[in-house]
Each structure stands twice: as C-alpha cells, then as structure tokens.
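Enquirer: Structure of the sequence below:
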Amino acid sequence: MKHKLQLKFIFFMFLSVFLGIFLLSISEAIYSYHYNLTAEKTQEILETGGSGVAFVIGFLVVVVLIFLFLSRNTIKRIERLNNSIKQISKGNRKNIVQDTHKDELGELSKSICEMARLLEQSLEDERAMVCNIAHDLRTPVTSIQGYAQLLKQSEELSLQNQEHVAIIQRKSEHLSRQIEELLEYSILQFEEKEYTFESLSLSSLVEQIFIDFIPQLDERDMTFELVGNDKPHMFLCNQNLMIRLLENLLNNALRYGKKGKKIEAYLSENETWITLEIANYGSVLSPSQAEHIFQPFYQGEDAKEYVTQSKGLGLAIVSKIVTIHHGTIEVQCQEERKRTAFVLTFPKML
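Expert: Take a look at the predicted model:
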C-alpha cells in the first residue's frame, strides 16, 4: 500500500484528537462531581467563564503531547536516515544500518543503502583503475630513465644530443614523481588502512625536515625561521605520513615563495591542540583559489609556470594526511604582506 507514512500520521492525528476529547470529558466529569453540578450547569460555566478557555488550552496541549508521543519513533527513524546521509557525505559508506519497515521511510533507507553500496563500488573501481594505470606507467618510465642513463654515458654523443638526453632524464624524473604521487594519493584516498601511530615530538620532526631542506633553500638563496620549538609539542602520529606532509608543505613553500626568500614556521599549543603554521612570501591566493586549493589536481594561476613539476596533488595529499590524524588545515592569505600561511592543528597528547 502506498502512502503508509501519510496514513500513519493521519491516524496519529485522529487518535490524538480522540484522546484529547476523552481526557477533556473526564476532566468535565471530575469538575462536575467535585462541585456537585449538573451536566448542563457545568457546560454553562465552561462556556461563559474563564474555565472554558483553560480547558480549551489544556485540550490543545494534551493533543500536541499525545501526537508527539505517538510520532516519536517515526521522528527517530527520520533522524537515523539523516545521520546515515551525513555519514555517507563524510566518506563513511560502510556499516549503514537499513530501516526494515515497510513504508516510505523504509524504502528511502533501502535506497540510501543501495546508493552507498554503488558509490563504494564505484570508488573502489576508480581506485583500482588509478592504481593499475600508475603501475602500468612505472615500467616504461623506468625503461626510459635507464636508456637515457646509458645514452648519457656514451662518448659518441654530440653536445646538442647530450642536452637532449638531459631533457629526457629531467622530464622522465618529473613523470616518475607524478606517477608516485598519483599512486600515493589513490592509496590514501580510497583504501581504508589501519595506520600505526606513535608518540612523537612535532618540534623534532619540523626541525629535521628543515635541516634536510637546507641544500634546496641555499640553492634558491632562501632562509627559514622556526619559532616555538623550545617545547616538544608531543602528539600521536604516523611518522612516515607526517614526514610526507611536511615535505609537501615545504616543497610548496619553495615553489611559490621563492620571490619572498623566506619561509617561516610557528609552533604553539593550548590545552587540547597543537598548531603548526608554515608561511611563505610571494604571490597570494585569491579567495577562489584558497577555497579550492586542497582539491586534487587543482592548480592556481601561478602554477602554470610549474606545470612540469606539479599536478595539484601535493596539497590534496597533505589534507588527506591531516584528516587521518584527526586534525584541521586552512590557508590564510595577507595581501598587504604578500604572505600565504598554511595553519594545521592536531590533537595534543594528554
């Protein structure tokens, strides 16, 4: 039967009115008995006195309370459906509980579960496709790099051909990095993996990554400043993922902050959160660019000159790693100072 839910609410309404009238009749009878009044006299008092208004208000209140009581299970079912949709929107497409009632809400719940299943299957197929493509590309790229290395060692190449071989090596290395980045993103994005977390000092990690980047900073005549590393700032993290996060952020700062010649890192904490801010100076993102900067394959206008080096996955990987660590990330831009800062927060180890 169609419209079962609608009929159920109509039934609730009539039952609430009926019970309200029933309770009102009982109240009138008690009122008459208490004051030894006849039914006609009681009715006259209720219609002409203030008691009549009180009884009407009481009747409405009783009807509303009865209706709320009768419909509470239906409302809870609607709330569970709403929660299921929220879970799907957050990426949790498994373990969605289906409503087994034979009405509109039950059919809607069935459709939501089927949608979640198809979406999960589609994403799994997409992940498998990306992984397969990345793996298939690895072999020919490795071969290109190997043959380019052999050509470079040849003494018969002219100076011009040596330059061509150098270009082949450089481009193949860029392509290899992009393939690895794509593969890494697909793993982080689509695979549900139990990562191992350990207690580490965020100060030590940031210091070590900055030390590792000193040659690249010197090459670009850039300096760095680290503030707040006088405390250890202990938190739970996966060390490999966190190193990748910091490397991506510093590579981004090197690429887009080379005009400013300076990278800054600030560490701080409160009772529950540790904050890391990494800033560079140079071109500033527009509001539209800042809104989409963490989306995969997104590149701002300034990224065009770096098209061979970046495909817009670095910050998407950073955002995913932050999510895995139950943290937050945002970008803050100051146009007057030409300053762009990525602000990350992580739960503090209590």
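Enquirer: where in the stretch 1-150 of the chain is pLDDT low?
Expert: 1-6, 24, 27-59, 90-91, 135 (pLDDT under 70).
Enquirer: Which residue ranges of it form helices?
Expert: 4-34, 39-48, 50-89, 104-152 (DSSP state H, counting those that start in this stretch).
Enquirer: Can you add mean neighbour count and distance to residue 181 and give those back as JSON lines?
Expert: C-beta: built from backbone N, CA, C; applies to glycine. Output for the helices of the stretch 1-150 of the chain, formatted as JSON lines (neighbours: other CB atoms under 10 Å; distance: least, CB to CB, whole Å):
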{"stretch": "helix 4-34", "mean neighbour count": "14", "distance to residue 181": "49"}
{"stretch": "helix 39-48", "mean neighbour count": "13", "distance to residue 181": "80"}
{"stretch": "helix 50-89", "mean neighbour count": "14", "distance to residue 181": "26"}
{"stretch": "helix 104-152", "mean neighbour count": "14", "distance to residue 181": "9"}
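Enquirer: Reformat those helices as a markdown table; add distance to residue 320.
Expert: What follows is those, written out as a markdown table (distance: least, CB to CB, whole Å):
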| stretch | distance to residue 320 |
| --- | --- |
| helix 4-34 | 40 |
| helix 39-48 | 69 |
| helix 50-89 | 16 |
| helix 104-152 | 13 |
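Enquirer: mind checking which of these is nearest residue 229?
Expert: The closest of the helices of the stretch 1-150 of the chain to residue 229 is helix 104-152. By CB to CB, the value is 36.7 Å.
Enquirer: Contacts only, for residue 231.
Expert: By CB atoms under 8 Å, 6 or more residues apart in numbering, the contact set of residue 231 is 203, 267, 269.
Enquirer: The spatially closest residue to residue 207 that is not a sequence neighbour: neighbour count?
Expert: Once flanking residues are discounted, residue 207 sits nearest to residue 229: 6.0 Å by CB to CB, 6 or more residues apart in numbering. For residue 229, the neighbour count with other CB atoms under 10 Å is 17.
Enquirer: Would you confirm that residue 229 contacts residue 206?
Expert: Yes: counting by CB atoms under 8 Å, residue 229 does reach residue 206; the two are 6.8 Å apart.
Enquirer: what sits in contact with each of these two?
Expert: residue 267.
Enquirer: Can I take it that residue 232 is in a strand?
Expert: No: Residue 232 is assigned coil when assessed by DSSP: H, G, I helix; E, B strand; the rest coil, not a strand.
Enquirer: Might you report the residue contacts of it?
Expert: 201, 202, 203, 204.
Enquirer: Pull the distance from stretch 8-23 to the chain's centre.
Expert: From the chain centre to the centre of stretch 8-23 is a distance of 45 Å (CA atoms, centre = their mean, to the nearest Å).
Enquirer: make that stretch 315-327, sorry
Expert: With CA atoms, centre = their mean, you get 9 Å for stretch 315-327.
Enquirer: buried ones in it?
Expert: For stretch 315-327, the neighbour count (16 or more other CB atoms under 10 Å) marks 315, 316, 317, 318, 319, 320, 321, 322, 324, 325, 327 as buried.
Enquirer: and which of these is nearest to residue 236?
Expert: Taking the buried residues of stretch 315-327 together and measuring to residue 236 by CB to CB, the closest member is residue 325, at 7.8 Å.
Enquirer: Am I right that the closest one is in contact with residue 273?
Expert: No: using CB under 8 Å, residue 325 is not in contact with residue 273; the gap is 11.8 Å.
Enquirer: Mind listing the shared neighbours of those two?
Expert: In contact with both residue 325 and residue 273: 346, 347, using CB under 8 Å, 6+ apart.
Enquirer: The host helix or strand of residue 167 packs against which elements?
Expert: Using DSSP states H and E, residue 167 sits within helix 159-190. Helix 159-190 sits against helix 104-152, helix 314-324, with contacts defined as 3 or more CB pairs under 8 Å, 6 or more residues apart in numbering; DSSP states H and E.
Enquirer: residue ranges with poor pLDDT in the stretch 201-350 of the chain?
Expert: 297-312, 350.
Enquirer: which stretches of it form helices?
Expert: Under DSSP H, counting those that start in this stretch, the stretch 201-350 of the chain gives helices at 202-212, 214-219, 239-256, 287-292, 314-324.
Enquirer: residues contacting residue 261?
Expert: When contacts are counted by CB under 8 Å, 6+ apart, residue 261 touches 220, 221, 222, 223, 281.
Enquirer: Could you pull out the buried residues of stretch 253-270?
Expert: Going by 16+ other CB under 10 Å, stretch 253-270 has these buried residues: 253-257, 260, 262-267, 269.
Enquirer: that older thread, what residues are up against the residue nearest to residue 207?
Expert: With CB under 8 Å, 6+ apart, residue 229 has these contacts: 203, 206, 207, 267.
Enquirer: Quick check: the gap between it and residue 322.
Expert: Going from residue 229 to residue 322 by CB to CB, to the nearest Å gives 20 Å.
Enquirer: that older thread, mind checking which of the helices of the stretch 1-150 of the chain is nearest residue 287?
Expert: helix 50-89 (23.9 Å).
Enquirer: tell me the angle of the closest one relative to helix 104-152?
Expert: 30 degrees (axes from the mean of the first three to the mean of the last three CA atoms, to 10 degrees).
Enquirer: Show me what helix 50-89 is packed against.
Expert: When contacts are defined as 3+ CB pairs under 8 Å, 6+ apart, helix 50-89 packs onto helix 4-34, helix 39-48, helix 104-152.
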